[in-house]
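Engineer: Provided below for reference: sequence and predicted model.
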Amino acid sequence: MSIVNCSLFPFAAAIFDLDGTLLDSMWVWHAVDRAFFAARGLAVPEGYAEAIQSLTFRETAQYTIGCLGLPESPEQLMAEWDEMSFLEYRDHVRLKPGAGEVLRALRARGVRLGTATNLSSHVARTVLEQNGVLELFDALTTTEEVSRGKGYPDIYLLAAHKLGVPPEQCVAFDDVAKSLLGIRAAGMTACAVWEPGMPQDWDEMQRLANFSIMGFEDML
């Protein structure tokens, strides 16, 4: 049986990425990217999605400004993206199949639950609340709180600290290869999550992760 089967779960804490991992939300950012670049008379640059996968929200804004020579500040781009995406997260983004059941099953076993997400804190809180699972989480952690992206251990170590659990007793779930590197660098167990809406090197992700799931139904 899978090491991540809820009935055999050997970890004291589970830390989840949100976009593309717990949430069926990648369509939001594809739409935001298209609208953002179209408003400037541009197509989405080739390789853009891959380049920003593990960056913080601010790093993504800085990268976009640098690539395109835009006159806006990172704060202006972040505010624009936040406004463009917020209503979709509030009204239309849903948990992936099986995700809510897994969260409730882990919580019932006494596993502490946290996030490690690029979403802003108010968007993360809103979408989890709208999906009826916010109260299951012991702590929310976002890349707003760290200086480096998810390819580094910073956000995972902060999440473990908030949960009061040593990193070696945590498992973290993510759908991006670079994030799996950050999880492993934090001394945690890494679980790769399949996400068809993201550019993924699944073979590489399985190599980097301790184990993988195609969906949260695998854990039930």
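Structural biologist: Okay, I see it.
Engineer: I figured residue 62 hits residue 74, correct?
Structural biologist: Yes: with contact defined as C-beta atoms under 8 Å, residue 62 counts as touching residue 74 (5.3 Å). For glycine as for every other residue, the C-beta is placed from the backbone atoms N, C-alpha and C.
Engineer: now residue 196: which helix or strand?
Structural biologist: Taking DSSP states H and E as the definition, one finds residue 196 inside no helix or strand.
Engineer: now do it: how many residues are near it, please.
Structural biologist: Residue 196 has 10 neighbours, counted by other C-beta atoms under 10 Å.
Engineer: give me the pLDDT value at it.
Structural biologist: Model confidence at residue 196, given as pLDDT, is 87.
Engineer: again with residue 51
Structural biologist: Looking at residue 51, its pLDDT reads 89.
Engineer: where's the closest residue to it other than its chain neighbours relative to residue 103, distance?
Structural biologist: Distance criterion C-beta to C-beta, 6 or more residues apart in numbering; nearest residue to residue 51, sequence neighbours excluded, is residue 63 at 6.6 Å. The spacing between residue 63 and residue 103, counted by C-beta to C-beta, to the nearest Å, is 32 Å.
Engineer: same thing with residue 183?
Structural biologist: Counting by C-beta to C-beta - residue 183 and residue 103 are separated by 19 Å.
Engineer: residue boundaries of the helices in the protein?
Structural biologist: Secondary structure of the chain (DSSP state H): helices at 26-38, 48-52, 57-68, 74-91, 99-108, 121-130, 154-163, 177-185, 202-208.
Engineer: packing partners of the least confident helix or strand in the chain by mean pLDDT?
Structural biologist: When each helix and strand of the chain is scored by mean pLDDT, DSSP states H and E, helix 48-52 comes last, with a mean of 88. Under the contact definition 3 or more C-beta pairs under 8 Å, 6 or more residues apart in numbering; DSSP states H and E, helix 48-52 sits against helix 26-38, helix 57-68.
Engineer: pLDDT on the last one, on average?
Structural biologist: Just to be clear, that refers to helix 57-68. 92.
Engineer: how does this protein divide up, domain by domain?
Structural biologist: With domains defined by automatic domain parsing, the chain comprises 6-24+94-219, 27-91.
Engineer: tell me which of the ones you listed is the most buried.
Structural biologist: Highest mean neighbour count among the domains of the chain (mean count of other C-beta atoms under 10 Å): domain 6-24+94-219, with a mean of 20.
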